[in-house]
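Chemist: Here is the input, now give the coordinates:
(chains A and B, ligands or ions: 1)
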Amino acid sequence: MNAPVTKPIHVGLKPTPFIERLRPLNKFESLEYWKGYWSPADYGNAEREYFAIRNTSSVFDLSPMTKYRITGPDTVAFLQRMVTRDVSKIKVGRVGYTVWCNDEGKVIDDGTLFRLGENHFRLCCQENQLFWLSHSAEGFDVNIYDETDEVTGLSLQGPTSCSVLKALGCEGIETLKPFEMRAFPFAGGEVVVSRTGFTGDLGYELWIDPSLALPLWDGLQEAGKPFSGVEPIGSHALDMVRIEAGFIAAQVDFVPADQAIRADRARSPFELNLGWLVAMDKGHFTGRRALLEEQKNGSKYCLVAVDIDGKYPADGSIIYHHKETEVGHITSGIWSPTAKRNIGLASLLVPFGKTMLDDLWVEIYVMRELKWEKLMVKCTVVKAPFFEPARRRATPPLTY
Amino acid sequence: MTKSYDHIVIGAGHNGLTAAAYLAKAGGRVLVLEARDAIGGASATAEIAPGYKVSTCAHLLNQLHPRVAKDLGLASHGLKFAGTDLPTTVLGASGAVLRAQGDNVEGAISPADRAKYAAFRKKLLKFSKRLQPMLLTTPPRLLNRDFKQNMDLLKLGWAIRSLGRTDMREFLRVAGMNVYDLVRDDFESDLVQVLFANDAVLGTSMGPRSPGTVLTLLYRLTGEIAGRQGALALPQGGMGAVADALAAAATKAGAEIRTAAPVARILIENDRAVGVVLSSGEEIRAGHILSNADPRTTFVKLVGARHLDAGFQRDVTKIRTKGMAAKLNLALDSLPAFTGLNQSDLAGRVILSESIEQIENAFNPAKYGEYSPTPLIELTIPSVADPSLTGPGKHVLSAIVQYAPYHLKAGWDAAREDFLKTIMARLENFAPGIGKQVVASQLLTPLDLEREYGLPGGHWHHGELAIDQLLMLRPVAAASRYEGPIAGLYLCGAGAHPGGGVMGAAGHNAARTVLEARKSGEKAA
Ligand SMILES: Cc1cc2nc3c(=O)[nH]c(=O)nc-3n(C[C@H](O)[C@H](O)[C@H](O)COP(=O)(O)OP(=O)(O)OC[C@H]3O[C@@H](n4cnc5c(N)ncnc54)[C@H](O)[C@@H]3O)c2cc1C
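Modeler: All right, here's what the predicted structure looks like:
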């Protein structure tokens, strides 16, 4: 006899604690697949949502984000061995972005590490990672607990976000520096605010007990009123800003190494332009030996930011050298409304993108009145981000 | 003042001693550190009662590699035999007896089977012969092979291809089979089926019907003693004599051997193994560290997760090491009387089983965490041919008893006594009155083998010999060429290619790898 199932099983999409407020706003029922949660792709007008991120304040439901609580005496040693970054340098109360690799030094996923205590971290990542975490935990005295449904999150991003939080009652929020976090009393409980996000703009992520989710939502709507409101956004708008910020996304700009079937499809941190996350001097971590080899022998691929002539988004397009030889492709591409440029992230076969920068062309197919036309347009390797407002880092940020 | 060494070998099992002897002969300063009070690992002789010495674990020598024996001059270092071509007797139901020696077989066998026996055995020996070169070859890498490794792979393929079309087809047909189907295709008589099945499953966690059991049979038959392939030998003085001769060869060449010196951890600096720390806290350094301990102990316990990639650690942790064989050693005040057997039968090997079905049936409970109520038993009474073990008149009996799962539901500490009774009852069936002849007994369950001999899961080979744990996958892909992920650390025991059995090939190959590294290091310097 199997033990009786005590947890309710959700049939269909799993609701988030905000769904009561969000579902009525999602007029077209436009959703994105995210681990089976109810997660909006847009609320009917992604462009409007995009401009809210850049001009006022936007709010995105982060509930489906996978959150692992990592505690126990070996927490730091465990993380040092698992991720590429030097975790000891992330102080209590701070957040760090990192990646982790398989033995071959290829990136499995990326995520943010919140240091809540000396031996207490929260790892936030898009996909489930329990498999890899539990393997990595063998031999370490740590507890790994999936608290995804016990800590819910909202991402509040945009130039007025600091003012909105002030109005919500987060006293002193303006002194919070990028990648810092702090708890504020809220509705008899507390909300933890971290100055983090996926937009490359001024913004915060709010972490709270699910029972306080709706009061938080309502509170933000109320607090946002004097600042042209707080606009709910979906993943489409978020995707646009993250490309402008030069941030990569799993499954888009890289294939998680544990999911890649073909041996040459996975990418190392160096190949994703994330070498700055790799702390070779911190001692051993999974993939280190392979990465040292790669440093010695050179990487096979690189990831660069590109500026593409014309106005047609080049997402997925093949890149040629001298209009002849295939050398890579655009992994993410949009017309950037803020930068007013046709931008993209590109995966290129080295030396293209490193030393061979000239004579690169993108093949774009455009549909013009029921006729496909093939364009060969020039593509230039540039520096990311494409858009980086001073407010992103300014402390205190400008208040409205 | 601490002495300095070129090479440290962790473990004085026969493979560790082999590696030590080769390295010392090549001029290296070698230190062997053994956890136990005695050398030899699972190839050992010990006194189980005053005046009764017996091979405590392994009891027959059939795989010692001739090249190792010759290179190290084991004969000149004291290795003598009490028998080099022992007969095997299978004792079945109601006194049925089958006697086999080399290509000859007689007794409980049908005329048709008897006519086929020699040809069948020759065929197996021929196939095994083709596998012999592989024993001393370092497995080629799975990916990124260099020229030499491609050649090695080609040679292996060629060895099989050159069997000729018919034989090659036959080889490919049988190699993946189970031994049950193989022998029942050719033989109708029970005891001849038992004979081959025993050799296929002994020391594995497989039954005759398990896939891969023809491969384990062929693997075993690669062995050669005194120029005879597939023969069985009894070293004079028990299996410990093999270890003693290896130790003599090693010390003669300048190696130092310390017993009661368990290594607690391997010292790693700048991602390189640079020495060891003993349980006592003593730290000893050397340029190369070889480990005769099993791969899991070596990496998980002595190196530790912090120095390993997570995928590697997981692979090593998952090496299948479920031991299924127990060992019963009996001190006897007189020679037991096995129904239907004569003294010369008892000087050889005796297998107790009625049929191949009985062996498979004996395996069944073991799959579910119980020991066999009627186990398969392979026994020797080495004192018949080698009175030096006990003195005249007295005897020792050494029995491998299968199946006894490492993970016993009832727990071994609770069930040991009952299991002993079960085995004694089984023996009593074949040798009435044997119980009364017992002066002392030593039962080693797989758990005891792990505790006392450091064999993981009590497994003979430090890891199952199965297709996914052989050659370039032994013990795991990333450590299949004796060198694991940590520079300066090598595996030299049964967990490495080509596996266990008292053979010395793993020790030989590991030493060669170290010597190559030493040479290229010297060149670089
Ligand atoms: C019951 C039984 C019966 C068998 N019968 C036969 C047979 O009849 N014929 C045959 O050919 N083979 C037989 N085998 C298999 C054979 O004995 C083994 O495969 C072989 O002896 C393995 O040799 P090894 O040197 O690789 O390892 P081992 O003999 O296991 O030696 C490893 C050594 O390393 C030492 N060690 C481990 N950890 C440490 C540490 N941290 N510090 C210091 N030292 C350490 C151990 O104490 C041990 O001495 C039998 C095995 C068993 C258990």
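Chemist: How about the contacts made by residue 22?
Modeler: By default, I'm working from chain A. When contacts are counted by Cβ atoms under 8 Å, 6 or more residues apart in numbering or on different chains, residue A:22 touches A:16, A:38, A:40, A:61, A:232. All C-beta atoms are positioned from the backbone trio N, CA, C, and that covers glycine.
Chemist: Chain B, not that one
Modeler: Neighbouring residues of residue B:22 by Cβ under 8 Å, 6+ apart: B:71-72, B:507-508, B:511-512, B:515.
Chemist: Same question for residue B:180.
Modeler: Contacts of residue B:180 (Cβ under 8 Å, 6+ apart): B:193, B:197, B:207-209, B:213, B:356, B:360.
Chemist: what does residue A:271 give?
Modeler: Going by Cβ under 8 Å, 6+ apart, residue A:271 touches A:299-303, A:347.
Chemist: what do you get for residue B:301?
Modeler: Listed by Cβ under 8 Å, 6+ apart, the contact set of residue B:301 reads residue B:265.
Chemist: Just to check, residue B:252 is in contact with residue B:77?
Modeler: Yes - using Cβ atoms under 8 Å, residue B:252 makes contact with residue B:77 at a distance of 7.0 Å.
Chemist: These two - which one has more neighbours?
Modeler: Between residue B:252 and residue B:77, residue B:77 has the larger neighbour count (other Cβ atoms under 10 Å in any protein chain shown), namely 19 against 15.
Chemist: Relative to residue B:397, which of the contacts of residue A:271 is nearest.
Modeler: Closest approach between these and residue B:397, by Cβ to Cβ: residue A:300, at 63.1 Å.
Chemist: Chain B contacts on the stretch 251-400 of chain A?
Modeler: By Cβ under 8 Å from any Cβ of the partner chain, the residues of the stretch 251-400 of chain A that approach chain B are A:263, A:283-284, A:286-289.
Chemist: Report the distance from whichever strand or helix holds residue B:423 to the chain centre.
Modeler: Assigned by DSSP states H and E, residue B:423 belongs to helix B:412-430. How far helix B:412-430 lies from its chain's middle: 24 Å, per Cα atoms, centre = their mean, to the nearest Å.
Chemist: is any part of stretch B:230-249 close to the ligand?
Modeler: No - counting by Cβ under 6 Å from any ligand atom, no contacts exist between stretch B:230-249 and the ligand, the nearest distance being 7.4 Å.
Chemist: which residues touch the nearest residue to residue B:338 once chain neighbours are set aside?
Modeler: Nearest-residue entry for residue B:338: residue B:431, 4.5 Å, with adjacent residues in sequence omitted and distances by Cβ to Cβ, 6 or more residues apart in numbering or on different chains. Counting by Cβ under 8 Å, 6+ apart, residue B:431 touches B:336-339.
Chemist: now, the most widely separated pair of these?
Modeler: Maximum pairwise distance in the contacts of residue B:431, criterion Cβ to Cβ, is 10.4 Å, between B:336 and B:339.
Chemist: So for those two, which sits in the more crowded spot?
Modeler: For residue B:336 and residue B:339, the more surrounded residue by other Cβ under 10 Å is residue B:336, and the numbers stand at 23 against 12.
Chemist: Pick the one among the contacts of residue A:271 closest to chain B.
Modeler: Ranked by distance to chain B (Cβ to the nearest Cβ), the contacts of residue A:271 are led by residue A:300 at 13.8 Å.
Chemist: Quick one, grab the pLDDT at the closest one.
Modeler: We have a pLDDT of 97 for residue A:300.
Chemist: per-residue confidence for the closest residue in space to it that isn't next to it in sequence?
Modeler: Of all residues not flanking residue A:300 in the chain, residue A:350 sits nearest, at 6.2 Å (Cβ to Cβ, 6+ apart). If you check residue A:350, the pLDDT there is 97.
Chemist: got a list of what residue A:350 touches?
Modeler: Counting by Cβ under 8 Å, 6+ apart, residue A:350 makes contact with A:298-302.
Chemist: Could you report the distance from residue A:345 to chain B?
Modeler: Shown here: residue A:345 relative to chain B, a distance of 28 Å by Cβ to the nearest Cβ, to the nearest Å.
Chemist: does that residue count as helix, strand or coil?
Modeler: strand (DSSP: H, G, I helix; E, B strand; the rest coil).
Chemist: who's in contact with it?
Modeler: A:243, A:246, A:248, A:253, A:303-306, A:330-333, A:384.
Chemist: so can I have CSV of these showing pLDDT?
Modeler: Shown next, in CSV, are those (pLDDT from 0 to 100):
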residue, pLDDT
A:243, 97
A:246, 96
A:248, 96
A:253, 97
A:303, 98
A:304, 98
A:305, 97
A:306, 98
A:330, 98
A:331, 98
A:332, 98
A:333, 97
A:384, 90
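Chemist: want to throw those residues into CSV with distance to residue B:24?
Modeler: Output for the contacts of residue A:345, formatted as CSV (distance: Cβ to Cβ, whole Å):
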residue, distance to residue B:24
A:243, 64
A:246, 60
A:248, 55
A:253, 55
A:303, 53
A:304, 56
A:305, 60
A:306, 62
A:330, 62
A:331, 57
A:332, 61
A:333, 65
A:384, 60
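Chemist: State the pLDDT value of the residue nearest the centre of chain A.
Modeler: Nearest to the mean C-alpha position of chain A, by Cα atoms, centre = their mean, lies residue A:198 at 4.8 Å. On the pLDDT scale, residue A:198 is placed at 95.
Chemist: nearest spatial neighbour of it, skipping sequence neighbours?
Modeler: The shortest distance from residue A:198 to any non-neighbouring residue, by Cβ to Cβ, 6+ apart, is to residue A:242 (5.0 Å).
Chemist: Pass me the low-pLDDT residue ranges in chain B, would you?
Modeler: Residue ranges of chain B with pLDDT under 70: B:1-2, B:523-525.
Chemist: still on that earlier bit, can you tell me which of the contacts of residue A:350 comes closest to residue B:135?
Modeler: Distance to residue B:135 across the contacts of residue A:350 (Cβ to Cβ) is lowest for residue A:300, with 37.5 Å.
Chemist: So that closest one sits against residue A:349, correct?
Modeler: Yes - using Cβ under 8 Å, residue A:300 is in contact with residue A:349, at 7.0 Å.
Chemist: related to what we said a few turns ago, just put the contacts of residue B:431 in a markdown table and tack on distance to residue A:33 and secondary structure.
Modeler: Listed next are those as a markdown table, based on distance: Cβ to Cβ, whole Å; DSSP: H, G, I helix; E, B strand; the rest coil:
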| residue | distance to residue A:33 | secondary structure |
| --- | --- | --- |
| B:336 | 72 | coil |
| B:337 | 76 | coil |
| B:338 | 71 | coil |
| B:339 | 73 | coil |
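Chemist: for these, which one is nearest residue B:25?
Modeler: residue B:336 (43.7 Å).
Chemist: thought the closest one was touching residue B:395?
Modeler: Yes - with contacts counted by Cβ under 8 Å, residue B:336 reaches residue B:395, the gap being 7.4 Å.
Chemist: picking that back up, make a PyMOL selection of whichever of the contacts of residue A:345 turn out to be buried.
Modeler: To isolate the buried subset of the contacts of residue A:345 in PyMOL, counting by 16 or more other Cβ atoms under 10 Å in any protein chain shown, use the following:
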select buried, chain A and resi 243+246+248+253+303+304+305+306+330+331+332+333+384
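Chemist: helix/strand/coil for the residue of chain A found nearest the ligand?
Modeler: Using Cβ to the nearest ligand atom, the closest approach of chain A to the ligand is made by residue A:139 at 16.6 Å. What three-state DSSP gives for residue A:139 is coil.
Chemist: How many residues are close by residue B:368?
Modeler: Considering only other Cβ under 10 Å, residue B:368 is surrounded by 8 other residues.
Chemist: dump the residue contacts of residue B:141.
Modeler: Applying Cβ under 8 Å, 6+ apart, the residues near residue B:141 are B:149, B:472, B:480-481.
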